[in-house]
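S.K.: Give me the fold of what follows.
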Amino acid sequence: MPLPVVVAVDPESPAARAGLAPGDEIVSIAGQVPRDIIEYRLLTDDADPTIELRRGGLERAITVDKAAGETIGIEVSSALFDQVRTCDNHCEFCFIYQLPKGLRPSLYVKDDDYRLSFLFGNFTTLTRFTEADLERVIDEGLAPLYVSIHATDPDLRTRMLRNRRGATSLRWLRALLDAGVEVHGQIVVCPGVNDGEAFVETLTGLLDEYPELATCAAVPLGISKFSTEPALRSHTRKEAAFVVDAVHAAQEHFLAATGRRVIYAADEYYVLAGRPFPDAHGYDDFSQHENGIGMAARFVEEWDGRLAPTDHDGFFQSVDATEFEAYRGPRTAGSVSFLPRRSAPVTVLTGTYGAEVIRPLLARDGRSDVEVRVVENQYFGGNIGVAGLLTGEDVAAAIKDDAPGRRYLLPDACLSNGRFLDGVALSDLPAAIEVVAADGAALRQALRVAS
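M.R.: Alright, predicted model coming up:
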């Protein structure tokens, strides 16, 4: 099993006083080999932990003088120290199967690990979940968790996951809810598969069988031009409207039975159906904001100053580890300084769906001086229209013919460690780009510089 490596030490921390240093490999803590950052946190939370470490090929033990509950002050190299539990489903709609060749290898990791669900908000199907996993989740309070449901009908779920355990693995969802674990669900709605009446049956099944769910998101199938599944297709306008109507009807049933809405439709559905976005109160606490649920409503609230922006780096918990490379890293490679040039024309670069939110706000506020330019996603193609999947190649193509002197604003959601998904860095673009946090308040503040 690979050992966690110390990558940074807080100079004012107990770890620094004890002499730990970057490059140290942690062999064990209090005689126990931690499997992941969760166990690491529990072990280092105790008073005066003894850390067995390896430095320069030699092993030594260091006792760290600290109080129970005091942060030890070490940042380690990864979130999981043992092997990632990979996914053995073969869902035809899985986006990893739709990635082109040549991206960084970490993007092709297909996990089904409940620990990454807790740490990063990744959705797990529970097909590799075990009794021991359930015991650990309960004993260590590993919540919330995020579960891909897709269908409550056992046969349909098996067909969608292409895994016979799909028919039985939702028993673990029932067990988690029985134990009081907070769980958020997801339904990827695929036209001709689990939409229409099958979708209504799934919503009914959620209320009948899993009413304790904290939330559940209905999200549309994403298709790239690299998909090899001939049956996959995008929703029609009528199908999108059906999903929206079914969700709203189900919300009324959930409210009557549980006092909570529980089920929400992704923002994309309202765009596809030509329907207005619900108001912010229709999303309750925005628990699935990063899953595209209520992003538009929250953006408007932030723009108008009625809601303070929050950090939306997925569902990350606070862990003393570098961001798990296989998923997401910090969105920018450091702060980006704005260059106020009041006379410069301003262009906001975003995806198809982002433009649907930003343009009405600018029009309402009389900002005819600001252009919103949709960056067409030629790289992935298909129906991909979210800003988070924009690539450097497409951004470069969108601005390469402009005259110099324009001011460009780009949401940080499409960056990880300062790079786009295709590996292009900001410095590789044909013009300087100002990166703005993907919230309404940040964009409005950036535009004040141009007013």
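S.K.: Stretch 159-167 spans what distance, first to last residue?
M.R.: End-to-end distance of stretch 159-167 (C-alpha to C-alpha, to the nearest Å): 9 Å.
S.K.: whoops, stretch 76-90 was the one
M.R.: 33 Å.
S.K.: same thing with stretch 216-225?
M.R.: End residues of stretch 216-225 are separated by 28 Å (C-alpha to C-alpha).
S.K.: Please, where are all the helices along this structure?
M.R.: 14-18, 37-44, 114-120, 131-140, 154-161, 171-178, 196-209, 237-258, 267-273, 295-303, 352-364, 392-399, 440-448 (DSSP state H).
S.K.: which stretch among those helices comes nearest Asn89?
M.R.: helix 154-161 (4.3 Å; C-beta to C-beta). The C-beta positions use only the backbone N, C-alpha and C, and glycine is treated the same way.
S.K.: how about that closest one: buried residues?
M.R.: Leu156, Arg157, Thr158, Arg159, Met160, Leu161 (16 or more other C-beta atoms under 10 Å).
S.K.: Look up how far Glu197 lies from Thr204.
M.R.: 10 Å (C-beta to C-beta, to the nearest Å).
S.K.: Can you pull the phi/psi pair for Glu70?
M.R.: phi -80, psi 140 (degrees, to the nearest 10).
S.K.: which ones are touching it?
M.R.: Applying C-beta atoms under 8 Å, 6 or more residues apart in numbering, we find Glu70 in contact with Pro14.
S.K.: From Pro14, how far off is it?
M.R.: Relative to Pro14, and taking C-beta to C-beta, Glu70 is found at 6 Å.
S.K.: So for Thr204 and Glu197, which residue has more residues nearby?
M.R.: Thr204 (13 against 10; other C-beta atoms under 10 Å).
S.K.: Mind jotting down where the strands sit in this protein?
M.R.: 6-9, 25-29, 50-55, 58-63, 74-76, 145-148, 183-189, 215-220, 263-265, 346-350, 370-374, 407-411, 433-436 (DSSP state E).
S.K.: The first one pairs with which strands, parallel or anti?
M.R.: What that stands for is strand 6-9. When pairing is defined by DSSP bridges, strand 6-9 lines up against strand 74-76 (antiparallel).
S.K.: May I see the buried residues of the strand it pairs with?
M.R.: Buried residues in strand 74-76 (16+ other C-beta under 10 Å): Ile74, Glu75, Val76.
S.K.: Could you export these as TSV, including pLDDT?
M.R.: Converted to TSV, these look like this (pLDDT from 0 to 100):
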residue	pLDDT
Ile74	92
Glu75	91
Val76	91
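S.K.: Output those as TSV; include the columns distance to Thr352.
M.R.: Below are the buried residues of strand 74-76 laid out as TSV (distance: C-beta to C-beta, whole Å):
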residue	distance to Thr352
Ile74	43
Glu75	38
Val76	39
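S.K.: So for Gly392, what's the nearest residue that isn't a sequence neighbour?
M.R.: Val424 (2.3 Å; C-beta to C-beta, 6 or more residues apart in numbering).
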